[in-house]
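Asks: I would like to see how this sequence folds:
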Amino acid sequence: MPLLLHGIMFEPYSKSKNDLMKKMFLIMAVLVFTAVQRVQAQVRVNVNINLGSQPEWGPAGYDYVEYYYLPDVDIYYYVPRRQYIYLSGGRWIFVSSLPVRYRSSNLYNSYKVVINEPRPYMRHGVYH
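Replies: Residues are numbered from 1 along each chain as shown. The predicted model follows:
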């Protein structure tokens, strides 16, 4: 009874070992090619996700940024969630747009500190 694997018919008693080796090589080549393509596609997607979520006012030249610290307004910006983080009444507040008191600030011209560590606002004294 013939065996069908990935569209290739294998017969239990091939006419020659050479034919069987060619079929096995072809199957391995297809599997390796498919695996390599998936890995390359995954790497491209992961890099492009962060590049596409950078704010327009962010500095150029960074392929990955987790947080910006904006010392002029004393606010953090979390890139993956597009959130501003600021201290108010002893609590860290997370919002999707700048608080009203900072909306006149020009983020394009302000100084920015790139931070790639988790929750840098918890170590605010280091950046402040």
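Asks: got the contact list for the residue nearest to Gln83 when sequence neighbours are not counted?
Replies: In space, and not counting its chain neighbours, Gln83 is closest to Phe94: 4.9 Å by CB to CB, 6 or more residues apart in numbering. Bear in mind the C-beta positions are built from the backbone N, C-alpha and C, glycine included. Contacts for Phe94 (CB atoms under 8 Å, 6 or more residues apart in numbering) come out as Tyr78, Arg81, Gln83, Tyr84, Ile85.
Asks: spell out the secondary structure type for Phe94.
Replies: Recorded secondary structure, Phe94: strand (DSSP: H, G, I helix; E, B strand; the rest coil).
Asks: that one pairs with what?
Replies: Ile85 (DSSP bridges).
Asks: for Pro71, see how far away it is.
Replies: Look at Phe94 and Pro71: by CB to CB, to the nearest Å, they are 19 Å apart.
Asks: re earlier: could I get the contacts of Phe94 as CSV with pLDDT?
Replies: CSV is the format used below for the contacts of Phe94 (pLDDT from 0 to 100):
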residue, pLDDT
Tyr78, 95
Arg81, 92
Gln83, 94
Tyr84, 95
Ile85, 95
